[in-house]
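J.: This is a predicted model, with the sequence first.
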Amino acid sequence: MGRLRACFRLRRLLETRPPPSSPSPARVPKLSARTSPFSSAVAVAAAAPHDARDSGLGSSAYWAWIRAAAEAAPAPAPPQEEEEEEEGLSRYIPVKAYFLSTSIDLKSMQAEHFSDVVPQSTRSLNYIALRYSEFPPEIMDIGVRDNRFCYRYVVVFQYGSAVLFNIADHEAEHYLDMIRNHASGWLPEMRKDDYAVVEKPSLTTWMKGGLDYIALKSVDTDGIRIISSVLGQSIALDHYIRQVDDMVEEFTEINRVMEKTGDFTMKRKKLFQLVGKANSNLADVIIRLGLFDRSEIAWKNANYAQILEYLREEYELNQRFGSLDFKLKFVEHNIHFLQEVLQNRRSDLLEWGVIILLTIEIVISLYEIIKDSSMMS
């Protein structure tokens, strides 16, 4: 009877005992982003209430609590460290293009800086590439977080352009002075253009263009040569376009004067100087700049051909040359017209000279006739 009463009391105790409360979020351990699912299960199990694990309710209540805690636990956070590391792999490389002079002696420059010259990968002789290993601290401040691209590159072209890679603004003058020592035909005003290259290994394509920058999957010396060739041609083309614009303005003013007075006062020497200037500009653009020469680097590798085509389109080299050629044809037409006018003036002068000589001869003949007739009389 006593044993029955004890079992009855135990049963009532179990029925009136409240069920195990749901675990509060504060008791669920927070897992780091790198914690495995297995260790999270162990941690949740360790945080389970002691009474749920050791009570006479059995294991069903315990695993029910485990499932509820796992469902209530927040999803693991994304691995931000890896994202930051991937972001850190992207490198910003500033690029500056200058047009200093009309000619640079590459042979003397190569002889003086022989240890810094990058070996040529093509047969092109109109440029040299120099590489310096000092890493500027200013580049570190603007985004380069590692030292894999720890070189400064200077690409110098024979026609007077220089393109600087990974060089801060205040340090550029040092390299420009080094180039000026081998330059001739200095310009009164140096032209400059800024660009940027972003090396981003996470790109799904080889390259991606942007506003005043180009993103590449990787940057090497051939890529630097391709980018330099377009930037050097572009900055030099600006110089020749400005010269042709000055010639167009000069001829426009001559035409205005001719419209008002019906005459012009240009000397023959000045016209010949304009003829020589127009011809030399066209020859420099086509021959010296190599605007339409084939790139051996792009010919061998389709990736570099893609970069070359994009940059030529971005800088509108073909369209700008077309505009330059149109202006030169206008100048040529005016020169041809003025040459004809000057030639007619010279012909008129010769004709008047002949007329004067004939008049003098006639006067002399009349004088002799009159003199002979007076002597006979």
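T.: Okay, I see it.
J.: wait, what's in contact with Met190?
T.: For Met190, the contacting residues are Tyr98, Phe99, Leu100, Leu176, by C-beta atoms under 8 Å, 6 or more residues apart in numbering. C-beta: built from backbone N, CA, C; applies to glycine.
J.: For those, which PyMOL command selects only the ones that are buried?
T.: Listed next is the PyMOL selection for buried residues among the contacts of Met190, using 16 or more other C-beta atoms under 10 Å:
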select buried, resi 98+99+100+176
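J.: between the contacts of Met190, which is closest to Ala183?
T.: Within the contacts of Met190, the smallest distance to Ala183 is 5.6 Å, found for Leu100 (C-beta to C-beta).
J.: In contact with Ile356, which residues?
T.: Contacts of Ile356 (C-beta under 8 Å, 6+ apart): none.
J.: Same list (the contacts of Met190) but as CSV, adding distance to Met376.
T.: Listed next are the contacts of Met190 as CSV, based on distance: C-beta to C-beta, whole Å:
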residue, distance to Met376
Tyr98, 89
Phe99, 84
Leu100, 85
Leu176, 91
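J.: And the contacts of Met190, which is closest to Val354?
T.: Taking C-beta to C-beta as the measure, Phe99 is the one of the contacts of Met190 closest to Val354, at 52.4 Å.
J.: quick check, distance from the helix or strand that closest one falls within to the centre of its chain.
T.: Element membership for Phe99, per DSSP states H and E: strand 91-104. How far strand 91-104 lies from its chain's middle: 10 Å, per C-alpha atoms, centre = their mean, to the nearest Å.
J.: Just list what that strand packs against, helices and strands only.
T.: helix 137-141, strand 161-165, helix 169-180, strand 183-199, helix 221-261 (3 or more C-beta pairs under 8 Å, 6 or more residues apart in numbering; DSSP states H and E).
J.: right, so of these, which gets closest to Val118?
T.: Among these, helix 221-261 comes nearest to Val118, with 5.7 Å by C-beta to C-beta.
J.: and the angle for that closest one with strand 161-165?
T.: Angle, helix 221-261 to strand 161-165, by axes from the mean of the first three to the mean of the last three C-alpha atoms, to 10 degrees: 140 degrees.
J.: Can you list the buried residues in whichever helix or strand comes after helix 221-261?
T.: Of the helices and strands lying after helix 221-261 in sequence (DSSP H and E), the nearest is helix 268-283. For helix 268-283, the neighbour count (16+ other C-beta under 10 Å) marks Leu271, Leu274, Val275, Ala278, Asn281, Leu282 as buried.
J.: Just give me the closest of those to Glu340.
T.: Sorting the buried residues of helix 268-283 by how near they are to Glu340, with C-beta to C-beta, puts Leu271 at the top with 11.0 Å.
J.: Return the residues in contact with the nearest residue to the closest one once chain neighbours are set aside.
T.: Excluding the flanking residues, the one nearest Leu271 by C-beta to C-beta, 6 or more residues apart in numbering is Leu338, at 5.6 Å. Leu338 makes contacts with Ile254, Phe264, Met266, Leu271, as judged by C-beta under 8 Å, 6+ apart.
J.: Out of the residues you listed, which end up buried?
T.: Listed as buried from those are Ile254, Met266, Leu271; burial here means 16+ other C-beta under 10 Å.
J.: So the first one sits against Phe337, correct?
T.: No. Between Ile254 and Phe337 there is no contact under C-beta atoms under 8 Å: 10.0 Å.
J.: hang on, the earlier thing: now render the contacts of Met190 as CSV, adding pLDDT.
T.: Output for the contacts of Met190, formatted as CSV (pLDDT from 0 to 100):
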residue, pLDDT
Tyr98, 96
Phe99, 96
Leu100, 92
Leu176, 94
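J.: Burial check on Ile297, number of neighbours?
T.: Using other C-beta atoms under 10 Å, Ile297 has 20 other residues around it.
J.: ok, it touching Gln306?
T.: No. With contact defined as C-beta under 8 Å, Ile297 does not count as touching Gln306 (11.9 Å).
J.: Give me the angle between the helix or strand hosting Leu130 and strand 161-165.
T.: Assessed by DSSP H and E, Leu130 sits inside strand 127-132. When the same axes, to 10 degrees is applied, the directions of strand 127-132 and strand 161-165 differ by 30 degrees.
J.: re earlier: report the angle between the strand holding Phe99 and strand 127-132.
T.: Using the same axes, to 10 degrees, the inter-axis angle of strand 91-104 relative to strand 127-132 is 130 degrees.
J.: Next, the buried residues of the next helix or strand after strand 91-104.
T.: Scanning forward in sequence from strand 91-104 by DSSP H and E, the next helix or strand is helix 106-112. Burial within helix 106-112, assessed by neighbour count using 16+ other C-beta under 10 Å, is assigned to Leu106, Met109.
J.: Pull the residues that contact helix 106-112.
T.: For helix 106-112, contacts defined as C-beta under 8 Å, 6+ apart pick out Val117, Leu125, Asn126, Tyr127, Ile128, Val156, Gln158, Ile179, Asn181, His182.
J.: Quick one: residues contacting the fourth one.
T.: Right, the one you point to is Tyr127. For Tyr127, counting by C-beta under 8 Å, 6+ apart, the contacting residues are Leu106, Val155, Val156, Phe157, Gln158, Arg225, Ser228, Ser229, Gly232.
J.: Also the second one?
T.: Contacts for Leu125 were tallied using C-beta under 8 Å, 6+ apart; they are Leu106, Gln158.
J.: part of a strand, is it?
T.: No. Under DSSP: H, G, I helix; E, B strand; the rest coil, Leu125 sits outside any strand and is assigned coil.
J.: you'd agree Ile307 is up against Arg225?
T.: No. Using C-beta under 8 Å, Ile307 is not in contact with Arg225, being 10.3 Å away.
J.: just to revisit the earlier point, so which of the contacts of Tyr127 wins on neighbours?
T.: Neighbour counts for those (other C-beta under 10 Å) peak at Val156, which has 29 neighbours.
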